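Enquirer: Can you look at this prediction? I've put the sequence above it.
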Amino acid sequence: MTLLLQVQGVTKRFGGLQALTQVTFDLPAGQILGLIGPNGAGKTTLFNTINGVYHPEEGRILFQGKDITQNKPYQLAQAGMARTHQIVQPLNELTVRENVMVGACFGREKQNLLKAASIADEVLNFVGLSAKIDQLAGSLNVAQKKRLEMARALAAHPHLLLLDEVLAGLNLSEIDGMIQMVLDIRSQGITIIMIEHLMKAVMNVSDRILVLDYGMQIAEGTPQEIANHPQVIEAYLGDPKLAAKLMEDD
Amino acid sequence: MAIMEINDITSGYGEVQILWGASMKLDEGKLTCLVGGNGAGKTTLLRSVMGLLKPWSGSILFQGKDISRMPAYGKTDLGLVLVPEGRQLFTDMSVYENLEMGSSNKRARPKLKENLEKVYTMFPRLLERSAQKAGTLSGGEQQMLAVARGIMAEPMVLMIDELSLGLAPFLVIQLFESLRTLRDMGMTIMLVEQNVQMALAISDYGYVLAEGRSGIEGPARQLIKDANVREAYLGL
């Protein structure tokens, strides 16, 4: 089992706020890791720290065995790490195809424009956006923009794909389509970390789940282990002891 | 008797749909809670009910009358009062002035004195600090003030968004108990909470909102033991 990513004791602070505290986990190649936690738990901060937007104050991050803690996002994109954003970030003035070409040009293989265009066509076919290929990205609806975001990341031909809430704002059938796409991507051998609030979805597609709460890693395990973990239940449902006290006082 | 009925509301922001069909009923004089994980659409539903956001479809009946299209200020005059998430106090104004602002609607104005006494009795801390700027209060005191400002508006239905967020446990207990007191005084309360255990512990009836849709509902004391509630949150 090769470890694609190793996060070791990562701590990130913003002024007095401790956004991540000693986060540690290993991610074997080919797995889907679900990253969950209440609002403000530090999930997106962890993504930003893994892909070089932020650098941690403590700890280190290894990607394919190499220390990448101080690398910048563009270097990591070239090393094979791609991501999507919670708030989609299309280049609105470019066409759908051009948006995806950007991924291919600045990704792992640093393609020339000609090759990038053919990769874009291929990837857009995979995400089901072929019909929109010459439209401006700004003209797409939300579900299509989410697919575009995914396509641009995939065009980089990454080893590791970071997905930040790709299901948010989609209707039920769009959600099913997106989940199937995530599973297809994994079967192509791409390793995935996904932040997701839709618990049913993330519990069903993930091999393992990591739970953050107030920047601390409170649990890690299989979906089944996580759903029965007392600290996770408390983080999501509140403290049963306080509830019991309220009922006593009634 | 239901004082308010929310029927199959859909709503969202721009082209992003958040609510896909949310329904609930508020019985008069009861404490009803709406619980759900983050992103479930709880605040969006409150904003739609209050008229801060237009429902895309569905209806809201207040005392049998359809008020789905009524603007927020009209609803305040009817007696729908929202204690918003994050308190939204007038931080540069004194505690007293914030309370006064609460009673600015026409039903509440004549009852200013009476209601002031009520909230000062309920939260003596606010009386002690009545001349202090609201922004200088502690987190717990600010939440008390937000609830008190709501009471000053002479609500027929008091809607509270995230009472417990970011507060120390003993304060949470104190605030929750004050809601129970208000309920016992006859007020209809709708409590929206992420802390499902505590919300269900003090409520009469509960609804679970998951992924923008109404799902499980029932008497609160039954829901608190219901494994399906945990499943709605944790997915398994």
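Expert: Noted; the coordinates are in hand.
Enquirer: could you measure the residue nearest the centre of chain B against chain A, distance?
Expert: Taking Cα atoms, centre = their mean, the centroid of chain B lies closest to B:Ile160, which sits 1.7 Å from it. Distance, B:Ile160 to chain A, by Cβ to the nearest Cβ, to the nearest Å: 16 Å. Heads up, the C-betas are built off the backbone N, CA and C, glycines and all.
Enquirer: Likewise for B:Phe90?
Expert: For B:Phe90, the distance to chain A - Cβ to the nearest Cβ - is 25 Å.
Enquirer: so who does the residue nearest to the spatial centre of chain A touch?
Expert: Central residue of chain A (Cα atoms, centre = their mean): A:Leu163, 2.5 Å from the mean position. Counting by Cβ atoms under 8 Å, 6 or more residues apart in numbering or on different chains, A:Leu163 touches A:Arg83, A:Thr84, A:Met150, A:Val182, A:Ile192, A:Ile193, A:Met194, A:Ile195, A:Glu196.
Enquirer: could you give the mean pLDDT of whichever strand or helix holds it?
Expert: Using DSSP states H and E, the element containing A:Leu163 is strand A:160-164. The average pLDDT within strand A:160-164 is 97.
Enquirer: One more: stretch B:86-96?
Expert: In this model, stretch B:86-96 has a mean pLDDT of 94.
Enquirer: Could I get the pLDDT score of residue 119?
Expert: Using chain A here. pLDDT, A:Ile119: 97.
Enquirer: Sorry, I should have been clearer: chain B.
Expert: pLDDT, B:Val119: 96.
Enquirer: Ok, B:Gly39 next?
Expert: 80.
Enquirer: does any bit of stretch A:69-84 sit next to chain B?
Expert: No. Using Cβ under 8 Å from any Cβ of the partner chain, we find that stretch A:69-84 stays clear of chain B, coming within 15.9 Å at best.
Enquirer: Quick one: end-to-end distance for that stretch.
Expert: Across stretch A:69-84, the terminal residues are separated by 20 Å (Cα to Cα, to the nearest Å).
Enquirer: before we move on, what about stretch A:24-34?
Expert: 15 Å.
Enquirer: ok, the residue nearest to the centre of chain A to chain B distance?
Expert: Taking Cβ to the nearest Cβ, one finds A:Leu163 at 16 Å from chain B.
Enquirer: for chain A, what spans make up the strands?
Expert: Taking DSSP state E, the strands of chain A run over residues A:3-14, A:17-28, A:32-36, A:58-63, A:66-67, A:81-83, A:160-164, A:191-195, A:208-213, A:216-221.
Enquirer: closest to B:Gly37 out of those?
Expert: Of all the strands of chain A, strand A:32-36 sits nearest to B:Gly37, with 9.8 Å by Cβ to Cβ.
Enquirer: list the contacts for the residue in chain B that chain A sits nearest to?
Expert: Of all residues in chain B, B:Gly235 sits closest to chain A, at 3.1 Å by Cβ to the nearest Cβ. By Cβ under 8 Å, 6+ apart, the contact list for B:Gly235 reads A:Leu198, A:Met199, A:Lys200, A:Ala201, A:Val202, A:Met203, A:Asn204, A:Pro223, A:Ala227.
Enquirer: how about 10 Å then?
Expert: A:34, A:36, A:196, A:198-204, A:209, A:223, A:226-227, B:37, B:210 (Cβ atoms under 10 Å, 6 or more residues apart in numbering or on different chains).
Enquirer: contacting residues for residue 234?
Expert: By default, I'm working from chain A. Taking Cβ under 10 Å, 6+ apart as the test, what A:Glu234 contacts is A:Asp213, A:Ile218, A:Pro240, A:Lys241, A:Leu242, B:Gln197.
Enquirer: Sorry, I should have been clearer: chain B.
Expert: A:36, A:199-200, A:203, A:223, A:226-229, A:232-233, A:236-237, B:37 are the contacts of B:Leu234 under Cβ under 10 Å, 6+ apart.
Enquirer: what do you get if the cut-off is 6 Å, keeping everything else the same?
Expert: A:Met199, A:Ala227 (Cβ atoms under 6 Å, 6 or more residues apart in numbering or on different chains).
Enquirer: swap in A:Lys132?
Expert: A:Val96.
Enquirer: Could you tell me the model confidence score at it?
Expert: pLDDT at A:Lys132 comes out at 96.
Enquirer: follow-up on the earlier one: what's the closest of the contacts of B:Gly235 to B:Leu137?
Expert: Nearest member of those to B:Leu137, counting by Cβ to Cβ, is B:Gly37, at 29.5 Å.
Enquirer: Wait, a helix at the closest one?
Expert: No. Counting by DSSP: H, G, I helix; E, B strand; the rest coil, B:Gly37 is not found in a helix; it is coil.
Enquirer: How about it: what's its closest non-neighbour residue?
Expert: Once flanking residues are discounted, B:Gly37 sits nearest to B:Tyr233: 5.1 Å by Cβ to Cβ, 6 or more residues apart in numbering or on different chains.
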